[in-house]
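1. Sequence first, then the predicted structure, then my questions.
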Amino acid sequence: MTLRTFGFSEFGFLLSALQWTILLTVIALSGGGFIGFIIALARTSTRKAVRVAAATYIQIIQGIPVLMILFLSYYGLSLAGFQMPPLVAAGISMTIYASGYLAEIWRGSIQAVAKQQWEASESLAMTRAQQYRYVILPQALRIALPSTVGFAVQVVKNTSITSIIGFVELARAGQLINNATFQPFRVFLAVAALYFVVCYPLSQLSRLLERRLHAGSAY
Amino acid sequence: MPEVLIDNVHKSFGAVEVLKGVSLSVNRGDVFALIGRSGSGKSTLLRCINGLEKINSGRIEVAGHAVGRDPKELRKLRTDVGIVFQSYNLFPHLTVGENIMLAPRIVKLVSKAEAKTTAEEVLGMVGLSEKFDAYPDQLSGGQQQRVAIARSLAMRPKVMLFDEVTSALDPELTEEVLNVLETLARNGMTMLLVTHEMGFARRVATTTIFMHHGKIWEEGPSVELFGRPKTPELQQFIKSDVK
Ligand SMILES: Nc1ncnc2c1ncn2[C@@H]1O[C@H](COP(=O)(O)OP(=O)(O)OP(=O)(O)O)[C@@H](O)[C@H]1O
Ligand SMILES: [Mg+2]
């Protein structure tokens, strides 16, 4: 077997793998966003049992490594008889992971809205659902935006963990090409650069939003 | 039947009793001023009237609604009782017009056109017609407070509660808010207001109540109460306010 060199077609392979990284990120953020939103609402419920249940969920997800969530959903479920393609296992575990963190970010944002806003809207005879819909969530969203975008950067990078169960995203693609070319420096520099190209604009966006938030009067 | 009836109300926060058997009755069109030292329970009493705080015992009835715990009943009550706070509490993400139209639209389900007409009317009453499309942070404190009053009025309340609505404002802005309150009072609105503006209470309130240690210590027609305070506590309070 002759060693290949790291050229255009190899780079193209990395680019196509980057699409899977992005797809996985989108799955994690939308699935995790959906679940996380519900957990965040539960976390700020007036009913104590609901609050405690939501807090426990968040604690558990944040208390175990993403890798364990991944192993549990890949090997655990396959032992239980569910044979899952790596994309599904990766999607499920990244979704669970993201849900725990997004729930916590959004809980903080909801609670950061001044308590007088609750009182004022309650005094205007709104239902709790109306208070959330028209008064609290629009303000919480603004507060949540910078840290949510910041978290998206973490998700992009953490999708690399799914390479362990054989899901061919960007990091795994780098390994495969390195195995064929044995030019680790070049290969992984290219991989790192690709992560950077995705993450850097997001980080900058997060910072920009953060500054706008603290400027205060962007309404 | 009085518009606001408060009967032997007790209220505690934990082990601390903040209202110790308060009774009073406010007739339609009456303007009651609540005065008293910090911590005497004025805000708590006001907040019990619209159910923001739950009482431990006693009875409160407002505009024909018994104040209880059932959320649905409380919402009915709150469509008839407006409250304005010291800190304005406008919704910062909405324009002035949207602030005012929101509750009538989603709570009372009035049409958009009607909500707009009402909003323009109440904004006119507080002298801010030209601010319909402004955002709260583009307004002065006094203007924000007048919008908050207008927002409450748009619900067509039968009773209005005001909790130190001028305390965050400097004298000039205080004046413009007090003028709005005075007009409301003259037009027959039933009002209870917590205030540190003794001159205003004396001039505008039909009755003034002096609260002390969670009790109504002294109560009477404003002119009398300020002119001939009976208890040493009230005498002391009035004296300390003058200096
Ligand atoms: N949510 C609460 N939890 C615990 N204690 C409270 C709460 N709200 C008020 N209190 C206490 O109840 C007492 C009465 O408070 P309240 O706000 O009614 O007084 P106030 O007469 O309005 O005073 P101020 O002039 O300072 O506004 C105070 O001792 C206060 O610390
Ligand atoms: Mg007070």
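-> Now that the structure is in, tell me what you want to look at. Residues are numbered from 1 along each chain as shown, chains lettered A, B, ... in the order given. Ligands and ions are numbered 1, 2, ... in the order given.
2. Show me the strands in chain A, by range?
-> Secondary structure of chain A by DSSP state E: no strands are present.
3. okay, and the helix or strand of it with the least pLDDT?
-> For chain A, scoring each helix and strand by mean pLDDT, DSSP states H and E identifies helix A:77-79 as the least confident one, at a mean of 83.
4. what's in contact with it?
-> Helix A:77-79 has contacts (Cβ atoms under 8 Å, 6 or more residues apart in numbering or on different chains) with A:Met84, A:Ala89. (C-beta placed from N, C-alpha, C; glycine too.)
5. Where does pLDDT dip in the chain?
-> Because you didn't say which chain, this covers chain A. Along chain A, segments meeting pLDDT under 70 span A:1-2, A:215-219.
6. Chain B was what I was after
-> Those would be B:242-243, if you go by pLDDT under 70 across chain B.
7. what's around residue 193, how many residues?
-> All of this is about chain A. For A:Ala193, the neighbour count with other Cβ atoms under 10 Å in any protein chain shown is 10.
8. look at chain B instead
-> 27.
9. need the next SSE after the helix or strand harbouring it, C-terminal direction.
-> According to DSSP states H and E, B:Leu193 maps onto strand B:190-194. Downstream of strand B:190-194, the first helix or strand assigned by DSSP H and E is helix B:198-204.
10. residues of that next one that come out buried?
-> Across helix B:198-204, burial judged by 16 or more other Cβ atoms under 10 Å in any protein chain shown covers B:Met198, B:Phe200, B:Ala201, B:Arg202, B:Val204.
11. Which single residue of chain A ends up nearest ligand 1?
-> Residue nearest to ligand 1 within chain A: A:Lys115 (10.3 Å; Cβ to the nearest ligand atom).
12. give me the beta-bridge partners of B:Phe32?
-> With DSSP bridges applied, B:Phe32 shows beta-bridge pairing to B:Leu192, B:Thr207.
13. ok, it - contacts?
-> The neighbours of B:Phe32, taking Cβ under 8 Å, 6+ apart as the test, are B:Leu24, B:Val26, B:Met191, B:Leu192, B:Leu193, B:Ala205, B:Thr206, B:Thr207, B:Thr208, B:Ile209.
14. got it, and B:Val122?
-> B:Ile100, B:Ala150, B:Arg151, B:Leu153, B:Ala154.
15. That one looks like it's in a strand, true?
-> No: B:Val122 is assigned helix when assessed by DSSP: H, G, I helix; E, B strand; the rest coil, not a strand.
16. Any chance of the backbone angles for B:Ser57?
-> For B:Ser57, the backbone dihedrals (degrees, to the nearest 10) come out as phi -160, psi 170.
17. ok, now how distant is it from ligand 1?
-> 17 Å (Cβ to the nearest ligand atom, to the nearest Å).
18. cool, and B:Val84?
-> From B:Val84 to ligand 1 the distance is 14 Å (Cβ to the nearest ligand atom).
19. Make a PyMOL selection of the buried ones in the contacts of B:Phe32.
-> In PyMOL, a selection of the buried entries from the contacts of B:Phe32 looks like this (16+ other Cβ under 10 Å):
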select buried, chain B and resi 24+26+191+192+193+205+206+207+208+209
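20. of all the contacts of B:Phe32, which comes closest to chain A?
-> B:Leu192 (14.0 Å; Cβ to the nearest Cβ).
21. Confirm for me that the closest one is in contact with B:Cys48.
-> No: contact criterion Cβ atoms under 8 Å: B:Leu192 and B:Cys48 do not qualify, at 11.2 Å.
22. So which residues on chain B come close to ligand 1?
-> B:Phe13, B:Val18, B:Gly36, B:Ser38, B:Gly39, B:Ser40, B:Gly41, B:Lys42, B:Ser43, B:Thr44 (Cβ under 6 Å from any ligand atom).
23. one more time with 8 Å, if that's ok
-> Chain B has residues B:13-14, B:16, B:18, B:36-47, B:53, B:163-164, B:194, B:196, B:211, B:214 near ligand 1, with proximity defined as Cβ under 8 Å from any ligand atom.
24. So which of those sit within strands?
-> Reading strands off the residues of chain B next to ligand 1 with DSSP E, I get B:Phe13, B:Val16, B:Val18, B:Gly36, B:Asp163, B:Val194, B:Met211.
25. Who does the fifth one form a beta bridge with?
-> When you say that, I think you mean B:Asp163. B:Val194.
26. Kindly list the longest helix within chain A.
-> Assignment by DSSP state H gives helix A:8-43 as the longest helix of chain A.
27. which strands and helices sit next to that helix?
-> Applying 3 or more Cβ pairs under 8 Å, 6 or more residues apart in numbering or on different chains; DSSP states H and E, we find helix A:8-43 packed against helix A:48-63, helix A:86-112, helix A:137-158, helix A:170-181, helix A:184-215.
28. quick check, distance from it to the centre of its chain.
-> Centroid separation for helix A:8-43 versus its chain: 7 Å, with Cα atoms, centre = their mean, to the nearest Å.
29. Go through that helix and flag the buried ones.
-> For helix A:8-43, by 16+ other Cβ under 10 Å, it's A:10, A:13-14, A:17-18, A:20-21, A:24-25, A:27-29, A:31-33, A:35-36, A:39-43.
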